[in-house]
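> After the sequence you'll find the predicted model.
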Amino acid sequence: MAENTGKTAIVTGASRGIGLAIAKKLAKSGYNIAVVDACDLEKSEDAVKEVKALGVDAKAYQCNVADFAAVEQTVKQINEDFGGIYILVNNAGITRDGLLIKMTEENFDAVINVNLKGTFNFIKHVSPIMMKKREGRVVSISSIVGIEGQAGQVNYSASKAGVIGITKSCAREFASRNITFNAIAPGYVETPMTAVLTDKQKEAIFEMIPLKRYGQPEDIANAVNFLCSEDASYITGQILSVDGGMHM
Ligand code: NAI
């Protein structure tokens, strides 16, 4: 376990799945963790316990990433509680799958608001804090379908393609302030989000994975940890596929 860096990482959607794995990995690298999630605070408190057991400070914040004003308040609170923010991981995300012909306006808006606007909201409120310090790392979780598209996921793939656009534009805007912006494009990862797929769907996906195993949350967390590390200080505006070779 690394020494405590005294620096803080915000991880959104950190109470379970990929977000929790990212929070734990960054904790092992010595970062204090702000666990942000829209779920019951009780669930996030369990995540905080797991993170704290790794020897860093951590605190849970209930916040809907899609709510601009709530994000502003949460970021302010985190900055006060921890005395700074060095890393932001935009991980919170949802799906509302369906063919376009059947997709409701509500389901389109819901996914865009959480996945895309939520990413904007956090960057908008965290970036002034990073700018003052002239350092920062932002990693956003996109998806293979943001690159390739996917039938039945017009809303989700648009939101994840949007995350790539935000990442590249911000990488250019903030490079002179020593803040890097990168995104990760996972393939299929075994989490509660993908547990709803049928066995038939899972088997079809498996066939498309050259490395012949499903992704685990830790596979994504390892890549996030690298992009936040000193070793990645010359990398910005990149989209790293972590998908067992699905997208080449
Ligand atoms: P998950 O559903 O297991 O966890 C998502 C977390 O985000 C939950 O804790 C949930 O409460 C939180 N969340 C949802 N809406 C929120 C909101 N409005 N505000 C704050 N928190 C909210 O999902 P999983 O699989 O861990 O996914 C994490 C990220 O990775 C998502 O952005 C997802 O789109 C992306 N991803 C996942 C893949 C997979 O195969 N599981 C593949 C590609 C990308």
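Arrived safely, thanks for sending.

> Check which helices and strands the lengthiest strand in the chain is in contact with.
Counting by DSSP state E, the longest strand found in the chain is strand 179-186. Other elements packing on strand 179-186 under the criterion 3 or more C-beta pairs under 8 Å, 6 or more residues apart in numbering; DSSP states H and E are helix 118-133, strand 136-141, helix 144-148, helix 154-174, helix 217-228, strand 239-242. The C-beta positions use only the backbone N, C-alpha and C, and glycine is treated the same way.

> which one of these lies closest to Glu203?
For those, proximity to Glu203 was assessed by C-beta to C-beta; helix 144-148 is nearest, at 17.5 Å.

> Up against the ligand, what does this protein have?
Proximity of the chain to the ligand (C-beta under 6 Å from any ligand atom) is limited to residues 12-13, 15-19, 37-39, 64-66, 91-94, 114, 118, 141, 143, 186, 188-189, 191-194.

> In strands only, show me those.
Thr12, Asp37, Ile141, Pro186.

> right, and the second one touches Ala60 too?
Which is Asp37. Yes: assessed by C-beta atoms under 8 Å, Asp37 is found in contact with Ala60 at 7.4 Å.

> Give me the common contacts of these two.
Here Asp37 and Ala60 have Ser15, Ser44, Ala47 as joint contacts, going by C-beta atoms under 8 Å, 6 or more residues apart in numbering.

> how many neighbours does the first one have?
Think Ser15. 26 (other C-beta atoms under 10 Å).

> Over to the one 5 residues further on?
As a burial measure, Leu20 scores 24 neighbours (other C-beta under 10 Å).

> Need the outlier residue of the chain, farthest from its centre.
The C-alpha centroid of the chain is most remote from Ile101, which lies 29.3 Å away (C-alpha atoms, centre = their mean).

> Against the ligand, how distant is that residue?
23 Å (C-beta to the nearest ligand atom, to the nearest Å).

> next one: Leu41
On the measure of C-beta to the nearest ligand atom, Leu41 and the ligand end up 12 Å apart.

> Assess the claim that that residue and Val48 are in contact.
No: judged on C-beta under 8 Å, Leu41 makes no contact with Val48 at a distance of 9.6 Å.

> Quickly list what's touching both of those two.
Common neighbours of Leu41 and Val48 (criterion: C-beta under 8 Å, 6+ apart): Ala60.

> Compare neighbour counts for the two and give me the winner.
For the pair Leu41 and Val48, the greater number of neighbours falls to Val48 (22 against 13), based on other C-beta under 10 Å.

> Which helix or strand contains the more buried one?
helix 41-52 (DSSP states H and E).

> Would you tell me what the next helix or strand after that helix is?
Going down the chain from helix 41-52, the next helix or strand is strand 58-62, by DSSP H and E.
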